[in-house]
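Novice: sharing a sequence plus its predicted fold:
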Amino acid sequence: MFVLRQCLTLGTKSSVRNFAAATNLVNVKINEDTGVVIMELNKPPVNSLNYELLEAMHRTLVKLENERCSGMILTSSSPNTFSAGLDLLEMYKPTVDKARKFWGMLQNTWIKLYSAPYPTVAAINGHSPAGGCLLAMSCEYRIMVPKKKIGLNETQLGIVAPQWFQDCMKNIIGSRQAEKALIAGTLFSSEEAAKIGLIDELATDKEDLMKKAHDFMDEQLGLPPLARSTVKIGFRKDTLNRLINSREVDTKYFIDFIFQPKVQESLEMYLQALKKK
Ligand SMILES: CCCC/C=C\CC(=O)SCCNC(=O)CCNC(=O)[C@H](O)C(C)(C)COP(=O)(O)OP(=O)(O)OC[C@H]1O[C@@H](n2cnc3c(N)ncnc32)[C@H](O)[C@@H]1OP(=O)(O)O
């Protein structure tokens, strides 16, 4: 079964179709037999989430609403990183308009991903800090390769993970663990993340990662889809509505926060440290 699935995934059978995307920032393949979609983030080197990448993801998620999509596996083409989180350059000395547009697209993308009715799996094939962790947490199931890092490390950068990021973490690991992790800005190793339930499964390597992602998908596809998605949305609606009903306030908070001179200083120092690495 796995060999057949691999053939389909790798496109050696005509039943896998590349999903026409307006950019190559995401590679999207749909298996015409099963309806399972693989969305691969493709913004080298580290899939930092800038406006364009978020827009490509959002456009894909909207397009999938009109396709026979039965489930989605989210992964990355980068060898070492799932996503490095929000693109720091979007927050460092932007104009107010640019920052507003960026934040709006992040909100749009998250709302679509978090509320997708079909099963979603994050196949986390590399590091996944901050906004990368948000993407993974927005999927229903998380599988990760060993010896990488994941978490909401915003505090360590002198910034604060927004309420909806925090809510996603609380929903997964519980309030107490989330409070400790968020205050410290902890980046967990894959192994630690598996222990506290931030990820659901550890894979041995990238091949095992995709096998496990497909195994989860197979299980989910065996369930009645309407009942499945109704339960999912029931669990997620409070978290979703909390943002949907306060998008403008959330945007204003983001803009006021990042325009503080101290925050800009922290971002500058962090960017310099990353470049010097
Ligand atoms: C109110 C505010 C709310 C904000 C909410 C969320 C905030 C965020 O998501 S902020 C982003 C937080 N992200 C991080 O802290 C991760 C930073 N990156 C890393 O730790 C490493 O890059 C990573 C472990 C992901 C990968 O390591 P390497 O494979 O060793 O790559 P490099 O570190 O050499 O990076 C390559 C290249 O990419 C640039 N880079 C990395 N991350 C980002 C980023 N988030 N945004 C923009 N650019 C990023 C890095 O500077 C390197 O650039 P060059 O030197 O020009 O090659």
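Specialist: Arrived safely.
Novice: rest of the way, CA atoms for contacts and neighbours
Specialist: OK.
Novice: break down the stretch 51-200 of the chain into its helices, ranges please.
Specialist: 51-64, 88-91, 96-114, 131-138, 163-173, 175-184, 190-196 (DSSP state H, counting those that start in this stretch).
Novice: could you export the ones you listed as CSV, including mean neighbour count and mean pLDDT?
Specialist: Converted to CSV, the helices of the stretch 51-200 of the chain look like this (neighbours: other CA atoms under 10 Å; pLDDT from 0 to 100):
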stretch, mean neighbour count, mean pLDDT
helix 51-64, 19, 97
helix 88-91, 17, 97
helix 96-114, 19, 98
helix 131-138, 25, 99
helix 163-173, 18, 98
helix 175-184, 16, 98
helix 190-196, 18, 98
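Novice: and Gln264, what element?
Specialist: helix 261-276 (DSSP states H and E).
Novice: ok, Ala123 - contacts?
Specialist: Ala123 makes contacts with Ile73, Leu74, Thr75, Arg142, Ile143, Met144, Leu209, Met210, Ala213, as judged by CA atoms under 8 Å, 6 or more residues apart in numbering.
Novice: one step back: among the helices of the stretch 51-200 of the chain, which is nearest Pro44?
Specialist: With CA to CA as the criterion, Pro44 lies closest to helix 51-64 of the helices of the stretch 51-200 of the chain, at 10.9 Å.
Novice: please save the CA atoms from that closest one in CSV.
Specialist: Taking C-alpha atoms only, helix 51-64 is exported to CSV below (Å, rounded to 0.1, in the frame of the first residue of the first chain):
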residue,chain,number,x,y,z
TYR,A,51,3.1,38.5,2.6
GLU,A,52,3.7,36.7,-0.7
LEU,A,53,4.1,33.2,0.8
LEU,A,54,1.0,33.7,3.0
GLU,A,55,-1.0,34.9,0.0
ALA,A,56,0.1,31.8,-2.0
MET,A,57,-1.0,29.6,0.9
HIS,A,58,-4.3,31.5,1.3
ARG,A,59,-5.1,31.4,-2.4
THR,A,60,-4.4,27.6,-2.4
LEU,A,61,-6.7,27.0,0.6
VAL,A,62,-9.5,29.0,-1.1
LYS,A,63,-9.0,27.1,-4.3
LEU,A,64,-9.2,23.8,-2.4
